[in-house]
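Peer 1: structural data only, the sequence is not supplied:
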């Protein structure tokens, strides 16, 4: 499974929380093994239990902004799907 989610925001100092939706379109239960962040300014939260076939869920992302202007951050989602582990 590959999740691509591009978010470009402009905020002042502070914190922003958003959720990235995803759906299991495979024939087996999906497990998110890990989520890697591009910096320590991001925190991610997800349900670690297997997601049933055709099930839907969300990854919660909290961004702690310490400056002003446009920021580009990346998260990488790793799953148990051997055909598309990230």
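Peer 2: Happy to help now that I have it. Predicted model only: the values in this text are computed from it and were never measured.

Peer 1: before we move on, which element is the residue nearest the centre of the chain in?
Peer 2: Centroid-nearest residue in the chain: residue 59, 4.8 Å away (criterion: C-alpha atoms, centre = their mean). Element membership for residue 59 (DSSP states H and E) is strand 56-65.

Peer 1: sheet-wise, list the partners of the helix or strand following that strand with their directions.
Peer 2: Where DSSP H and E defines the elements, the next helix or strand beyond strand 56-65 is strand 69-71. Looking at strand 69-71 with DSSP bridges, its partner strands are strand 9-11 (antiparallel).

Peer 1: now the partner strand: mean pLDDT?
Peer 2: Per-region confidence: strand 9-11 scores 60 on mean pLDDT.

Peer 1: also stretch 29-43?
Peer 2: Here the average pLDDT along stretch 29-43 is 91.

Peer 1: buried sites along that stretch?
Peer 2: 30, 32, 35, 42 (16 or more other C-beta atoms under 10 Å). For glycine as for every other residue, the C-beta is placed from the backbone atoms N, C-alpha and C.

Peer 1: inside strands: which ones of those residues?
Peer 2: 32, 35, 42 (DSSP state E).

Peer 1: nothing else from me, thank you.
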